[in-house]
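[1] Any chance you could fold what I've pasted below:
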Amino acid sequence: TSVAYFGGGLVKKGLGYFARYVKPTPILLPINILEDFTKPLSLSFRLFGNVLADELTVAVLTFLVPFVIPLPIMALGIFAGSIQALIFATLASAYIAEAIE
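    The predicted model follows:
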């Protein structure tokens, strides 16, 4: 995501892409740089948290009730993973579109 974000901005605007870091005032330069690196990081944390929660839920239910109960939870995990992939792709494309704009 980060490579596409910076690459898309540089291809579209050239080195003028970096001028947006000092708008509206140069005092905001550190905040604008920090913002660009926290966007992909927040996507990664969100994805990690959801995958970990799904795996822990299945592991605990398998330990407590080993045969029947974990199967619907695993199906729910596949559904939740699909939704997370959609959200990840949507947010990543929104960030890349923001860089190109």
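
[2] element containing the residue nearest to the spatial centre of the chain?
    Nearest to the mean C-alpha position of the chain, counting by C-alpha atoms, centre = their mean, stands L43 at 2.0 Å. Assessed by DSSP states H and E, L43 sits inside helix 29-64.

[3] Rounded mean pLDDT for the helix or strand following that helix, please.
    For helix 29-64, the following helix or strand on the C-terminal side (DSSP H and E) is helix 70-100. Helix 70-100 comes out with an average pLDDT of 85.

[4] just stretch 25-40 next, same as before
    Mean pLDDT, computed over stretch 25-40, is 87.

[5] Numbering from 68 from now on, please.
    Okay, using 68 as the starting number, the last item reads as stretch 92-107.

[6] how about the CA coordinates for that stretch, as PDB?
    Taking C-alpha atoms only, stretch 92-107 is exported to PDB below (Å, rounded to 0.1, in the frame of the first residue of the first chain):
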ATOM      1  CA  THR A  92       1.900  25.800   6.400                       C
ATOM      2  CA  PRO A  93       5.400  24.300   6.700                       C
ATOM      3  CA  ILE A  94       4.900  23.800  10.400                       C
ATOM      4  CA  LEU A  95       2.600  20.900   9.600                       C
ATOM      5  CA  LEU A  96       5.400  19.000   7.800                       C
ATOM      6  CA  PRO A  97       6.100  16.400  10.500                       C
ATOM      7  CA  ILE A  98       2.400  15.800  11.000                       C
ATOM      8  CA  ASN A  99       1.800  15.200   7.300                       C
ATOM      9  CA  ILE A 100       4.700  12.800   7.000                       C
ATOM     10  CA  LEU A 101       3.500  10.900  10.100                       C
ATOM     11  CA  GLU A 102       0.000  10.700   8.600                       C
ATOM     12  CA  ASP A 103       1.400   9.000   5.500                       C
ATOM     13  CA  PHE A 104       3.100   6.300   7.400                       C
ATOM     14  CA  THR A 105       0.300   5.700   9.900                       C
ATOM     15  CA  LYS A 106      -2.400   5.000   7.300                       C
ATOM     16  CA  PRO A 107      -0.900   1.700   6.100                       C
END
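
[7] How many residues are close by Y72?
    Neighbour count of Y72, defined by other C-beta atoms under 10 Å: 20. The C-beta positions use only the backbone N, C-alpha and C, and glycine is treated the same way.
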